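A.B. asks: could you look at this predicted model? Sequence included:
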Amino acid sequence: MEIVTALLLFLNGSMIEHVYKADLKSCNESKIMAESVVNSNSVVFVCKKVKAKVTIDEGTNTKKIVKVLDDKIFTGSGTAFFISDKGHMITNHHVVNYCNITKVSYFGKTGTAKILAYDRVNDLALLETDIIPKDKFDISNRDPKLLDDIYVAGYPFGKAVSSSVKVTKGVVSALAGSQDNYALVQIDAAIQPGNSGGPIVNTSGDVVGVAVAKLDFKDAMESYGVIPENTNFGIKSSILKNFTSANSIKNSEEEPKEISTEVLGEKIQNATAYVGCWTAETKIAAMKTVKTVFGQPRLAFDFACYNSCKERNPDGICQQQCALN
């Protein structure tokens, strides 16, 4: 075993390839080149030093990583928000499902979260932390209505842009999700990778939904022939309220009152947190990709096959041909 620099490839959170690199500079050069070839939100390249079992490739006489031995590897991030004064939080199930360690960053401090309960079908998870939040969100007693103004808070692209919470504004576009899924609401506020699990709040500062997905542009291109714009989805507050009530989390019954954007902004900052996921290498190897908004799970696939296939075929065909069943 030795400490080496590796270019790691993650597909929807699953590490499916690792390549030895001489140093971080050459790794980052390869990473930039790889990212220019692969245009997919589900593929992520990471350069980092890892503990690995290494051998010498007889053909090239260079080092080759046989297996990554790191106990815990950072595999992704999402967003969570406080719903109690005791540190209970809500996020998406897919954000924390495969985490050996779930860490929550809140006002410069990092704590470990424990999964108390989850709902796979509706993609919700209830977390317990030892953090005493400065504020919390109440869950709206009614689902959002068409054209309601809403705000989405979260950490799009993790901390790559900045460590500050980001907010986008929009309206409720439809009262159902893809394929007439009435557990979801459609919104036009921007959602990016990293927003998953974040609160969708109304002008009273109450949660009316949980950010969960955006319409995949490649799937939309294949299905409809157009690139989707502002087509994003959240889990309705009624679904969330049923979940929290079943797990003995009390919610306020007070009538909501509209608040100023200044007060709302402060509430979002004080009740929203960044979630990081660390996963064991053995667990990563067993991971399957999460469901898309079209409902069908995509299995991990051979990236070398996929990359070659993409030069001459549509994405859907390549996923089918290169899937690892």
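C.D. replies: Nice, I can see it.
A.B. asks: avg pLDDT for stretch 85-100?
C.D. replies: Confidence for stretch 85-100, expressed as mean pLDDT, is 92.
A.B. asks: measure that stretch end to end?
C.D. replies: 25 Å (CA to CA, to the nearest Å).
A.B. asks: so which bits of that stretch are buried?
C.D. replies: Of all the residues in stretch 85-100, those buried under the rule 16 or more other CB atoms under 10 Å are 87-100. Every residue, glycine included, has its C-beta placed from N, CA and C.
A.B. asks: where does the protein have low pLDDT?
C.D. replies: For the chain, the stretches with pLDDT under 70 are 11-15, 39-43, 70-72, 216-220, 280-325.
A.B. asks: by residue count, what's the longest strand in it?
C.D. replies: In the chain, with assignment by DSSP state E, the single longest strand is strand 43-57.
A.B. asks: state the next helix or strand along the chain beyond that strand.
C.D. replies: strand 62-68 (DSSP states H and E).
A.B. asks: can you map out the helices along the stretch 151-300 of the chain?
C.D. replies: Using DSSP state H, counting those that start in this stretch, the helices found in the stretch 151-300 of the chain span residues 217-224, 237-246, 261-271, 281-286.
A.B. asks: by contact count, what packs against the longest one?
C.D. replies: Which is helix 261-271. Contacts defined by 3 or more CB pairs under 8 Å, 6 or more residues apart in numbering; DSSP states H and E place helix 261-271 against strand 149-154, strand 199-201.
A.B. asks: ok so, going back, send the alpha carbons of the longest strand of the chain over as PDB?
C.D. replies: Written as PDB, here are the backbone C-alpha positions of strand 43-57 (Å, rounded to 0.1, in the frame of the first residue of the first chain):
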ATOM      1  CA  VAL A  43     -20.100  12.200 -14.300                       C
ATOM      2  CA  VAL A  44     -17.600  13.800 -11.800                       C
ATOM      3  CA  PHE A  45     -13.800  13.700 -12.000                       C
ATOM      4  CA  VAL A  46     -11.800  14.200  -8.800                       C
ATOM      5  CA  CYS A  47      -8.100  14.500  -8.300                       C
ATOM      6  CA  LYS A  48      -6.800  13.500  -4.800                       C
ATOM      7  CA  LYS A  49      -4.200  11.600  -2.900                       C
ATOM      8  CA  VAL A  50      -5.400   8.200  -1.800                       C
ATOM      9  CA  LYS A  51      -4.200   5.100  -0.100                       C
ATOM     10  CA  ALA A  52      -4.000   2.400  -2.800                       C
ATOM     11  CA  LYS A  53      -2.700  -1.000  -3.800                       C
ATOM     12  CA  VAL A  54      -0.400  -0.300  -6.700                       C
ATOM     13  CA  THR A  55       1.300  -2.600  -9.300                       C
ATOM     14  CA  ILE A  56       3.500  -2.000 -12.300                       C
ATOM     15  CA  ASP A  57       1.800  -2.400 -15.700                       C
END
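A.B. asks: mind listing what it pairs with, with the direction of each?
C.D. replies: With DSSP bridges as the test, strand 43-57 is paired with strand 2-11 (antiparallel), strand 62-68 (antiparallel).
A.B. asks: list the contacts of the residue lying closest to Asp57 once chain neighbours are set aside.
C.D. replies: Leaving aside its chain neighbours, Asp57 sits nearest to Lys64 (4.3 Å; criterion: CB to CB, 6 or more residues apart in numbering). Residues near Lys64 by CB atoms under 8 Å, 6 or more residues apart in numbering: Tyr20, Val54, Thr55, Ile56, Asp57.
A.B. asks: hmm, 10 Å instead?
C.D. replies: His18, Val19, Tyr20, Ala52, Lys53, Val54, Thr55, Ile56, Asp57, Glu58 (CB atoms under 10 Å, 6 or more residues apart in numbering).
A.B. asks: do the same with Gly170
C.D. replies: Contacts of Gly170 by CB under 10 Å, 6+ apart are 148-152, 187-191, 200, 230, 232.
A.B. asks: quick one, which of those are buried?
C.D. replies: Applying 16+ other CB under 10 Å to the contacts of Gly170 flags Asp148, Ile150, Tyr151, Val152, Ile187, Asp188, Ala189, Ala190, Ile191, Ile200, Asn230, Asn232 as buried.
A.B. asks: distance of the first one from Thr75?
C.D. replies: The one in question is Asp148. 35 Å (CB to CB, to the nearest Å).
A.B. asks: and for Phe10?
C.D. replies: Taking CB to CB, one finds Phe10 at 6 Å from Thr75.
A.B. asks: one more: Gly205?
C.D. replies: On the measure of CB to CB, Gly205 and Thr75 end up 32 Å apart.
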